[in-house]
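S.K.: what's the 3D shape of this:
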Amino acid sequence: MSPVMPSAHTAHAALITGMHLLPGETLHIALDARTTLALWRGVAMLHEAPAWLGEQMVTVSHRLAPGQTHRVAQSGWLRIEAQEGPVEIRCTRAPAWPAVAWDAVARHVATWRQALRGIVPCPTPRRSR
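M.R.: Coordinates of the predicted model:
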C-alpha cells in the first residue's frame, strides 16, 4: 500500500491509500465506517464485516467493476478478492466527524461568550467557610 497525497478538496480526509491485487489474491483489511472504496481497474468481490440480522450472522457481498465505488456502512474487517485481471483500489477514509463537530461547537461557544460578555454578568463563585 502506498499513501497518496490528498488534494485541496479532500483536505479533511484522513488518508487515501492505493491497493493492488493480482488475480486470485485476497486482502483482509480493517476499515472504519464511512470509508469509501473506489475500484479503478479489474473486477473484485467485496465481503463486508459480518453483522447481526435478527438472531443470525450475515455477511453482505458486492461485486465491484471499474469505476464503481462502495461506502463501508459498518466498521470491521472486510475481505476483498481480485476476480478478473489485476485489481487497483483506492481507499479514502472519512473525516473524524466528532472532532470536526466539536471544533464547530467550540467556535460557536466562543462567539456567544464574546457577544454575551457585556450583556450578562458572570456570577462570582462563593467560598464556603
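S.K.: Give the next helix or strand downstream of the longest strand along the chain.
M.R.: As assigned by DSSP state E, the longest strand anywhere in the chain is strand 76-92. Heading C-terminal from strand 76-92, the first helix or strand you meet, by DSSP states H and E, is helix 97-116.
S.K.: now Leu37, nearest residue through space, not along the chain?
M.R.: Nearest residue to Leu37 in three dimensions, chain neighbours excluded: His70, at 4.9 Å (C-beta to C-beta, 6 or more residues apart in numbering). (Glycine included, C-beta is placed from N, CA and C.)
S.K.: three-state assignment of that neighbour?
M.R.: Following DSSP: H, G, I helix; E, B strand; the rest coil, we place His70 in the strand state.
S.K.: Let me see the contact set for it.
M.R.: By C-beta atoms under 8 Å, 6 or more residues apart in numbering, the residues touching His70 are Thr36, Leu37, Leu46, His62, Leu64.
S.K.: Show me what Leu46 bridges to in the sheet.
M.R.: Beta bridges link Leu46 to His62, Ile80, judged by DSSP bridges.
S.K.: Do I have it right that it meets Ala73?
M.R.: No. Contact criterion C-beta atoms under 8 Å: Leu46 and Ala73 do not qualify, at 11.7 Å.
S.K.: Compare these two and say which one has the larger neighbour count.
M.R.: Each of Leu46 and Ala73 has its neighbours counted (other C-beta atoms under 10 Å); Leu46 has more, 20 against 13.
S.K.: Now do the more buried one against Ile29, distance only.
M.R.: 10 Å (C-beta to C-beta, to the nearest Å).
S.K.: Could you tell me what pLDDT the model assigned to the spatially closest residue to Gly85 that is not a sequence neighbour?
M.R.: Using C-beta to C-beta, 6+ apart and skipping the chain neighbours, the partner closest in space to Gly85 is Gly42 (4.2 Å). pLDDT, Gly42: 94.
S.K.: State the number of residues packed around Gly42.
M.R.: The local packing of Gly42 (other C-beta under 10 Å) involves 20 other residues.
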